[in-house]
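Engineer: I'll drop the sequence and a predicted model, then ask my questions.
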Amino acid sequence: MTKPLWTAADIAAATGGTASTDFAATGVAFDSREIGAGDLFIAMKGEFSDGHRFLDTTFAQGAAGALVSQPTPHPHVLVADTTLALDALARAARARTAAKIIGVTGSVGKTGTKEALFAALDRGAPDAAHRSVKSYNNHTGVPLSLARMPAETRFGVFEMGMNHAGELAQLTQLVRPHVAIVTTIAPAHTEFFPDEEAIADAKGEIFAGLEPGGVAIVPYDSRHRDRLIAAATPHAARIVTFGLDKAADVHAMETMRTARGTFVTARVGERELSFTMGQAGMHWVSNGLAVLAAVDAVGGDLALAGLALAEMGGLAGRGARFTVGVTGGSAMVIDESYNANPASMRATLAVLAAEKGVRRIVMLGEMRELGDDSDAYHAALAEPILAAGVEAGILVGERIAPLANALEGRGDFVHVADAAAARAALSAMMGAGDAVLIKGSNGVGLAAVVASLRGGTQ
């Protein structure tokens with residue numbers, strides 16, 4: 001029998017609530033669509049929705065109990081505020097475990113690094129590693145991910161995101177990491193920050209939550225390296241740098257592109273390790289080095305971590321590859337549809353440049369939350385697009401117009417209003433042997449284009 005994640009008594013003790021009856025939950029969710037047998041449903045109240053409306057539905061789906069702020073006939077724990085109660089449950093989950101906890105943030109690469117780190121630790125400690133799923137990295141996703149962590153966990157990996165100053169300062173106090181990683185600093189959410197230095201300061205907030213004796217892991221190659229080190233110094237017992245530069249504590253001594261990814265010989269402190277990074281691109285090599293630094297910091301097995309990195313496939317929306325049938329054969333699609341900012345656009349265009357195909361084609365959606373510099377950031381993508389040998393493309397959304405103007409007369413590029421129009425344009429453009437990159441801000445909806453391609457919808 002599976003050991004309960006939470007009993008009604010545990011939940012009541014953690015939240016200060018009152019249990020209506022005994023029950024035991026094996027999972028936690030606040031989205032009624034995700035509830036399965038044995039789960040605890042947290043009935044959150046939001047600006048536009050109220051989870052209490054879905055109590056009957058969740059219990060019909062097999063919920064074991066609910067955390068509520070108003071009476072219900074279903075098994076429950078009653079609290080004054082379910083949002084505050086979720087935070088309390090998260091703190092209780094963190095307090096009861098002896099796990100080594102790793103927090104991950106950054107402008108680019110945090111979800112991929114989190115997944116790679118989980119894979120590396122899980123390889124050495126099967127069924128004893130835990131991580132936040134999807135991109136649950138905000139003020140509700142982080143506490144939910146903590147509340148889902150079993151007490152017996154040996155390694156916990158939590159992604160933390162922000163788009164305003166002060167957000168990470170709150171999240172890191174919940175997670176209380178033993179190891180805190182900043183993957184990189186790049187223009188993202190610049191609508192809410194005056195400059196990149198302010199973004200670096202906001203990312204550096206993660207170090208304030210480090211446990212005593214904690215380790216800060218900082219990107220050596222970043223121009224904000226010293227700023228991040230300064231942010232970490234008051235809180236970290238040790239600061240470890242990673243990067244492609246050989247002056248980094250964890251660095252790539254040699255790299256070689258292969259059919260399976262990138263073969264890397266890395267130095268981790270005084271040790272050398274050779275492994276294959278299964279994901280393509282030098283940005284993934286950098287992510288892999290951060291992973292090795294963290295695995296080493298928590299006493300994990302570096303050799304098994306290297307094997308896990310070699311076995312990592314592409315993540316949906318973040319580098320997954322698939323083929324789609326077209327007239328006369330098939331085309332290869334790189335799915336980077338989850339999100340985009342100037343740095344990640346350039347990194348994935350460099351990956352496309354290394355692909356062999358009859359033509360290289362892009363479907364690029366507008367980048368959002370870039371503020372007053374949005375036009376300049378979009379127009380500047382013309383250079384890496386052309387440098388990658390891209391011959392044709394579909395540019396999606398109103399904000400991407402400056403890039404369409406910059407590419408006018410320099411290839412077969414079309415500018416369309418939305419994802420539906422982009423899908424139709426791609427059907428007309430894509431041919432046998434083409435390599436296609438699909439990338440844009442999540443709100444543009446290019447994931448729907450990817451889904452239709454995977455489903456064979458023409």
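Structural biologist: Structure's in. What do you need?
Engineer: Poorly predicted segments of the stretch 301-450 of the chain, please.
Structural biologist: Within the stretch 301-450 of the chain, the ranges that satisfy pLDDT under 70 run 314.
Engineer: how about the strands in it?
Structural biologist: 320-326, 329-336, 360-365, 390-396, 412-416, 435-439 (DSSP state E, counting those that start in this stretch).
Engineer: Can you spell out which helices and strands pack onto the last one?
Structural biologist: Right, strand 435-439. strand 329-336, helix 342-353, strand 360-365, helix 446-454 (3 or more C-beta pairs under 8 Å, 6 or more residues apart in numbering; DSSP states H and E). (Glycine included, C-beta is placed from N, CA and C.)
Engineer: hmm, who's touching that strand?
Structural biologist: 331-337, 340, 344-345, 348-349, 351-352, 355-357, 359-365, 426, 430, 446, 449-450 (C-beta atoms under 8 Å, 6 or more residues apart in numbering).
Engineer: make it 7 Å
Structural biologist: The set of residues external to strand 435-439 that reach it, using C-beta atoms under 7 Å, 6 or more residues apart in numbering, is 331-337, 340, 345, 348, 352, 355, 357, 360-365, 430, 446, 449-450.
Engineer: what's the closest non-adjacent residue to Gly328?
Structural biologist: Leaving aside its sequence neighbours, Gly328 sits nearest to Ala432 (C-beta to C-beta, 6 or more residues apart in numbering; 4.0 Å).
Engineer: Check whether the one you found really touches Gly329, as I assumed.
Structural biologist: Yes: under the criterion of C-beta atoms under 7 Å, Ala432 makes contact with Gly329 at 3.3 Å.
Engineer: related to what we said a few turns ago, ok, which of the strands of the stretch 301-450 of the chain comes nearest Arg454?
Structural biologist: Closest of the strands of the stretch 301-450 of the chain to Arg454 is strand 320-326, at 6.2 Å (criterion: C-beta to C-beta).
Engineer: So what angle separates the directions of the closest one and helix 446-454?
Structural biologist: Put simply, strand 320-326 runs at 50 degrees to helix 446-454, going by axes from the mean of the first three to the mean of the last three C-alpha atoms, to 10 degrees.
Engineer: For strand 320-326, which helices and strands make contact with it?
Structural biologist: strand 329-336 (3 or more C-beta pairs under 7 Å, 6 or more residues apart in numbering; DSSP states H and E).
Engineer: Name the strands paired with the strand it packs on and say parallel or antiparallel.
Structural biologist: If you go by DSSP bridges, strand 329-336 pairs up with strand 320-326 (antiparallel), strand 435-439 (parallel).
Engineer: any idea which of the ones you listed is most buried?
Structural biologist: strand 435-439 (a mean of 25; mean count of other C-beta atoms under 10 Å).
Engineer: between that strand and strand 390-396, how many degrees?
Structural biologist: Using the same axes, to 10 degrees, strand 435-439 lies at 30 degrees relative to strand 390-396.
Engineer: Give the residue spans of the stretch 101-250 of the chain that score low on pLDDT.
Structural biologist: 188-190.
Engineer: show me where it has helices.
Structural biologist: Along the stretch 101-250 of the chain, counting by DSSP state H, counting those that start in this stretch, helices occupy 110-124, 141-147, 167-175, 196-204, 225-232.
Engineer: how close does Ala200 get to Ala93?
Structural biologist: If you measure Ala200 against Ala93 using C-beta to C-beta, to the nearest Å, the figure is 30 Å.
Engineer: Tell me which of these two has more neighbours.
Structural biologist: Taking neighbours as other C-beta atoms under 10 Å, Ala200 and Ala93 compare with Ala93 leading, 27 against 23.
Engineer: What residues does the more buried one make contact with?
Structural biologist: Applying C-beta under 7 Å, 6+ apart, the residues near Ala93 are Leu146, Ala147, Met149.
Engineer: and Ala19, how many neighbours?
Structural biologist: Applying other C-beta under 10 Å, I find that Ala19 has 19 neighbouring residues.
Engineer: got a list of what it touches?
Structural biologist: Per C-beta under 7 Å, 6+ apart, neighbours of Ala19: Ala8, Ala9, Ala12, Val77.
Engineer: Need the nearest residue in space to Ala125, chain neighbours excluded.
Structural biologist: Arg154 (5.0 Å).
Engineer: thought that neighbour was touching Ala99?
Structural biologist: Yes: using C-beta under 7 Å, Arg154 is in contact with Ala99, at 5.5 Å.
Engineer: Of the two, give the one with the bigger neighbour count.
Structural biologist: Applying other C-beta under 10 Å to Arg154 and Ala99 shows that Ala99 carries more neighbours, namely 23 against 19.
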